[in-house]
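A.B. asks: Below: sequence and its predicted model.
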Amino acid sequence: MAKYVAAIDQGTTSTRCMIFTYDGKVVNVDQREHTQIFPQPGWVEHDADEIWQRTQGVIIGVLEKASLAASDLAAVGITNQRETTLVWNRKTGKPVYNAIVWQDTRTDQLVNLFAKDGGQNRFRAKVGLPLATYFSGPKIRWILDNVEGARAAAEAGELVFGNMDAWVAWNLTGGVEGGLHITDVSNASRTMLMNMETLDWDDEILGIMGIPRSMLPQIRSSSEVYGACRGVLSGVPLAGILGDQQAATVGQACYSPGEAKNTYGTGNFMLLNTGTSLVHSKSGLLTTPAYKFGNDPAVWALEGSIAVTGSLVQWMRDNLGMINTAPDVENLARTVKDNGGMYIVPAFSGLFAPYWRSDARGVMVGLTRFINKGHIARAVLESTAYQTREVLDAMEKDSGVTLKELKVDGGMVYNNLLMQFQADILGVPVVRPMVAETTALGAAYAAGLATGYWKNTDEMRSNWGMDKRWEPQMSADQRDTLFAQWKKAVTRTFDWIE
């Protein structure tokens, strides 16, 4: 029996390949960044061909580092940045336009057009999502409307759409030589085109958005053997696909209703397992599949999506030049004892959950002559914790579940100052697992489960171990005062864009 399982993690800023053992430990990893393209304010793109080259590079890189061959792998899974939208020619394999990234806001006028009849929640009952620039459907329509010849080619059946999972899967399994055009329920649910009841594309919404059904990938479960890879992973079963946040939910072993995780990455994403029942949010959250393993029923989640958290630290580093590396933000923030009364609300591309305001833009408020770089660094970190608190409050309201602790993962969870403040502002313990790279681990679990490498979720759950725990240390009065000021700061971002 092959000894390991691999995961390809195609993220917003980089792609990596990780290899895992049966007990969920990392054997090795290779990671490569790709270019962030900003053609104009509010537009964010990626070069899909570059991403596929990086993907092949990290697969070769990790096998070399680990001194392994493809034949040592029992399966490979894919996890990916969700909503990032690509349209390519099925015969040539060439994209007709750059991938339009999830953060991109160019579809705001299309979103307003669709919302004229029925408002922002026009499709929510069917798809679990509000109308927003975040999701793939309007991005596909933008490409069809704005790329010369795209509409005619799509109507003729020559063009296909996929989020990045579908692009990687298609290329891994042969590309123009019979590559599989597939996605899983977790990624399909982020297009705004999948009906939650049927787990299939919704013809009425496709008609309204003007998207030919022939472009869309086949929707499969998150864990099954889809087919064999070709090329560098020749013969290895491709057996798992999960959007990155759902993958982290699986990697964090949140398999029971009421279990939640929060991933701290470019943005923040909190998911609460609600079991096999759909919970429709009244508080600005998304209803989304957490995962669907094989023929079992889909397991659902409430999700709170925050657009800007880790990328705010990048902005402080790259745009302001206040720090040299992202981890430097903690040392700078420790030079002051609090935020000095200033708040940063990073609504760079509007606000996601629970507000869904594309008219919002970022603000710094409470500035006085007292404020220095340390206060700014502290406000940068605290904004992540405050936004998480807003999402958690909405979750508890929707689900009736009071969270006992929050499992955390992602790059920012090694920032001890942030994690302590997060526990303080939530009033519940924050727990970091031994393997913090839970996104890739979740994709590996889905693939290994489909091939019998792991027999059931109990085996996967037994791999989870705690690395560190932060207990709340702040008084309730102080917590409430700080949070009330934050809420006041948020209102200052509204109605900036006419």
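C.D. replies: That came through, no problem.
A.B. asks: And for this protein, the residue most distant from the center?
C.D. replies: Arg369 (38.1 Å; Cα atoms, centre = their mean).
A.B. asks: how about the helices in the stretch 251-400 of the chain?
C.D. replies: Listed in chain order, the helices of the stretch 251-400 of the chain (DSSP state H, counting those that start in this stretch) span 310-318, 328-333, 373-399.
A.B. asks: Deepest in the core, which of these is it.
C.D. replies: Between those, helix 373-399 has the highest mean count of neighbours, a mean of 22, where neighbours are mean count of other Cβ atoms under 10 Å. From N, CA and C alone the C-beta is placed, and that goes for glycine too.
A.B. asks: Could I have the CA atoms of whatever helix or strand Gln53 lives in written out in PDB?
C.D. replies: Counting by DSSP states H and E, the element that carries Gln53 is helix 48-65. Extracted C-alpha coordinates of helix 48-65, given in PDB (Å, rounded to 0.1, in the frame of the first residue of the first chain):
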ATOM      1  CA  ALA A  48      -4.000  31.000 -14.800                       C
ATOM      2  CA  ASP A  49      -1.200  29.600 -17.000                       C
ATOM      3  CA  GLU A  50       1.400  30.800 -14.400                       C
ATOM      4  CA  ILE A  51      -0.600  29.200 -11.600                       C
ATOM      5  CA  TRP A  52      -0.600  25.800 -13.500                       C
ATOM      6  CA  GLN A  53       3.200  26.100 -14.000                       C
ATOM      7  CA  ARG A  54       3.600  26.800 -10.300                       C
ATOM      8  CA  THR A  55       1.400  23.900  -9.500                       C
ATOM      9  CA  GLN A  56       3.500  21.500 -11.500                       C
ATOM     10  CA  GLY A  57       6.600  23.000 -10.000                       C
ATOM     11  CA  VAL A  58       5.500  22.500  -6.400                       C
ATOM     12  CA  ILE A  59       4.500  18.900  -7.100                       C
ATOM     13  CA  ILE A  60       7.900  18.100  -8.500                       C
ATOM     14  CA  GLY A  61       9.600  20.100  -5.800                       C
ATOM     15  CA  VAL A  62       7.900  18.400  -2.900                       C
ATOM     16  CA  LEU A  63       8.500  14.900  -4.300                       C
ATOM     17  CA  GLU A  64      12.200  15.700  -4.700                       C
ATOM     18  CA  LYS A  65      12.500  17.200  -1.200                       C
END
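A.B. asks: and whatever helix or strand comes next after it, what's its mean pLDDT?
C.D. replies: Downstream of helix 48-65, the first helix or strand assigned by DSSP H and E is strand 73-80. Averaged across strand 73-80, the pLDDT comes to 97.
A.B. asks: swap in stretch 23-30?
C.D. replies: Stretch 23-30 comes out at a mean pLDDT of 93.
A.B. asks: Go through it and flag the buried ones.
C.D. replies: 24, 27-30 (16 or more other Cβ atoms under 10 Å).
A.B. asks: Same question for stretch 165-184.
C.D. replies: Judged by neighbour count using 16+ other Cβ under 10 Å, the buried positions of stretch 165-184 are 165-175, 179-184.
A.B. asks: again with stretch 469-482
C.D. replies: Here stretch 469-482 shows 470, 472, 474, 479, 482 as buried, counting by 16+ other Cβ under 10 Å.
A.B. asks: what pLDDT does the nearest residue to the second one once chain neighbours are set aside get?
C.D. replies: Here the nearest residue to Pro472 in space, its sequence neighbours aside, is Ala423; by Cβ to Cβ, 6 or more residues apart in numbering that works out to 4.7 Å. Per-residue confidence for Ala423 comes out at a pLDDT of 96.
A.B. asks: repeat for Thr287
C.D. replies: Thr287 is given a pLDDT of 90.
A.B. asks: residue contacts, it?
C.D. replies: Contact partners of Thr287, counting by Cβ atoms under 8 Å, 6 or more residues apart in numbering, are 128-129, 196, 278-281, 300-303.
A.B. asks: Closest one to Val250 out of those, please.
C.D. replies: Ala301 (10.8 Å; Cβ to Cβ).
A.B. asks: Who does that closest one form a beta bridge with?
C.D. replies: Residues in a beta bridge with Ala301, per DSSP bridges, are Asn273, Thr288.
A.B. asks: Tell me how many other residues crowd it.
C.D. replies: 31 (other Cβ atoms under 10 Å).
A.B. asks: distance of it from Leu278?
C.D. replies: 10 Å (Cβ to Cβ, to the nearest Å).
A.B. asks: And for Ala377?
C.D. replies: 41 Å.
A.B. asks: is it true that Leu193 touches Asp203?
C.D. replies: No - contact criterion Cβ atoms under 8 Å: Leu193 and Asp203 do not qualify, at 9.7 Å.
A.B. asks: When those two are compared, which one has more neighbours?
C.D. replies: For Leu193 versus Asp203, neighbours defined as other Cβ under 10 Å are more numerous around Leu193 (25 against 11).
A.B. asks: Tell me, what's the model's pLDDT at that one?
C.D. replies: Predicted confidence (pLDDT) for Leu193: 97.
A.B. asks: Contact partners for it?
C.D. replies: 127, 136-137, 201-202, 205-206, 209, 211, 216.
A.B. asks: how near is Ser71 to Ser234?
C.D. replies: 9 Å.
A.B. asks: ok, now Met474?
C.D. replies: Between Met474 and Ser234 the computed distance is 55 Å (Cβ to Cβ).
A.B. asks: same deal with Gly207?
C.D. replies: Distance, Gly207 to Ser234, using Cβ to Cβ: 41 Å.
A.B. asks: just Val147 next, same as before
C.D. replies: For Val147 relative to Ser234 (Cβ to Cβ), the value is 34 Å.
A.B. asks: and what of Gly118?
C.D. replies: Distance from Gly118 to Ser234, by Cβ to Cβ: 49 Å.
A.B. asks: ok, now Arg141?
C.D. replies: 37 Å.
A.B. asks: go on, Gln36?
C.D. replies: 32 Å.
A.B. asks: who has more neighbours, those two?
C.D. replies: Higher neighbour count among Gln36 and Ser234: Gln36, with 15 against 10, using other Cβ under 10 Å.
A.B. asks: which ones are touching Ala166?
C.D. replies: 86, 181-183, 187, 217.
A.B. asks: Thought Thr13 was touching Arg32, still the case?
C.D. replies: No - the pair Arg32 and Thr13 fails to qualify as a contact (Cβ under 8 Å) at a distance of 10.3 Å.
A.B. asks: Which one, of the helices of the stretch 251-400 of the chain, ends up nearest to Val44?
C.D. replies: Across the helices of the stretch 251-400 of the chain, closest to Val44 is helix 310-318 (Cβ to Cβ), at 10.4 Å.
A.B. asks: The closest one packs against which elements?
C.D. replies: helix 328-333, helix 373-399 (3 or more Cβ pairs under 8 Å, 6 or more residues apart in numbering; DSSP states H and E).
A.B. asks: Which one of the ones you listed lies nearest to Ala239?
C.D. replies: For the helices and strands packed on helix 310-318, the distance to Ala239 is smallest for helix 373-399, at 31.1 Å, taking Cβ to Cβ.
A.B. asks: partners of the helix or strand just after the closest one, with directions?
C.D. replies: The helix or strand immediately downstream of helix 373-399 is strand 406-409, counting by DSSP H and E. Strand 406-409 has its sheet partners listed here by DSSP bridges as strand 260-264 (parallel), strand 430-433 (parallel).
A.B. asks: mean confidence score for strand 406-409?
C.D. replies: 91.
A.B. asks: And for stretch 36-46?
C.D. replies: 92.
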